[in-house]
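[1] please work out how this folds:
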Amino acid sequence: MKRIGLTGGIATGKSTVARFLHQRLHVPVLDADELTRQLVEPGSASLAEIVDHFGKAVLSPEGRLDRKAMGEIVRRDPEARKHLEAVLHPRVFRMTKDWLDRKAAQAHRAAVVEASLLVETGSYRSFDLLLVVTCTPERQVERMVRNRGMSHAMARQWMASQLSSAQKEERASYVIQNNGTRQDLERAVVETWDRITAGRRREVQDQ
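    Residues are numbered from 1 along each chain as shown. Okay, here's the model as predicted:
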């Protein structure tokens with residue numbers, strides 16, 4: 001079974017690609033970011049460790065992790081980001097490996113893990129292939145402002161806190177550039193998936 005990592009910067013469209021792969025091409029897809037959300041549910045060991053380090057200011061009134069508050073902390077403080085990742089990433093890696101092993105045992109030809117930080121953490125090396133979704137920085141800012149209600153300044157700050165698309169592309173086996181319409185993106189995904197299943201590497205779909 002081919003174990004495929006799927007990543008991309010904020011607002012590049014990686015989650016849209018993941019949904020299309022799963023819903024239209026019937027590929028098993030695991031959202032590693034959803035695993036992270038499950039790990040910080042109230043009462044979890046992960047949440048207890050986070051609160052012990054950062055304090056109750058990162059909790060909502062209902063006792064859940066305030067993702068917006070936590071995001072602001074790690075965006076401003078690289079050391080805080082490292083601590084949060086040290087709490088969550090080993091657990092996510094174990095859960096991801098277990099899921100991939102189950103899919104292999106079920107005789108799937110390929111399975112995809114969608115995650116934001118595959119390149120940053122170096123975990124992309126554990127996959128057979130890395131698929132990176134990218135777009136221009138201008139598109140990223142436009143989508144964050146339109147779809148997430150961010151200011152232009154906030155959108156640029158978020159982008160500055162992440163690796164650039166160019167840096168992610170350097171590690172990619174395949175790249176999909178999502179600069180056009182939804183239909184353009186879906187066509188690029190189909191074409192790229194055909195190349196993946198045919199075994200041809202490092203193809204760039206520029207739509």
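[2] off-centre distance for the helix of greatest length in the chain?
    Counting by DSSP state H, the longest helix found in the chain is helix 78-105. Taking Cα atoms, centre = their mean, to the nearest Å, one finds helix 78-105 lying 12 Å from the centre of the chain it belongs to.
[3] in that helix, what counts as buried?
    80-81, 83-85, 87-89, 91-93, 95-96, 99-100, 103 (16 or more other Cβ atoms under 10 Å). C-beta: built from backbone N, CA, C; applies to glycine.
[4] packing partners of it?
    Here helix 78-105 touches strand 29-31, helix 32-39, helix 45-54, helix 67-76, strand 110-114, going by 3 or more Cβ pairs under 8 Å, 6 or more residues apart in numbering; DSSP states H and E.
[5] 7 Å instead, please
    helix 32-39, helix 45-54, helix 67-76, strand 110-114 (3 or more Cβ pairs under 7 Å, 6 or more residues apart in numbering; DSSP states H and E).
[6] show me the shaky parts of the protein.
    Within the chain, the segments meeting pLDDT under 70 span 199-207.
[7] okay, now the domains of it?
    Annotated domains of the chain cover 1-28+111-207, 38-107 [automatic domain parsing].
[8] just name the most buried of those.
    Greatest average neighbour count among those goes to domain 1-28+111-207 (a mean of 18), per mean count of other Cβ atoms under 10 Å.
[9] tell me who's in contact with residue 79.
    Contacts for residue 79 (Cβ atoms under 7 Å, 6 or more residues apart in numbering) come out as none.
[10] can you give me phi and psi for the residue located most distally from the centre of the chain?
    Largest separation from the mean C-alpha position in the chain: residue 61, at 27.8 Å (Cα atoms, centre = their mean). Dihedral angles of residue 61 (phi, psi; degrees, to the nearest 10) stand at phi -60, psi -20.
[11] a markdown table please, covering the helices and strands packed on helix 78-105 and showing distance to residue 159.
    Shown next, in a markdown table, are those (distance: least, Cβ to Cβ, whole Å):
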| stretch | distance to residue 159 |
| --- | --- |
| helix 32-39 | 18 |
| helix 45-54 | 24 |
| helix 67-76 | 11 |
| strand 110-114 | 19 |
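[12] of all the ones you listed, which lies closest to residue 4?
    Among the helices and strands packed on helix 78-105, strand 110-114 comes nearest to residue 4, with 4.7 Å by Cβ to Cβ.
[13] other residues contacting that closest one?
    The contact list for strand 110-114, computed with Cβ under 7 Å, 6+ apart, reads 1-6, 14-15, 18, 21, 27-32, 96, 100, 103.
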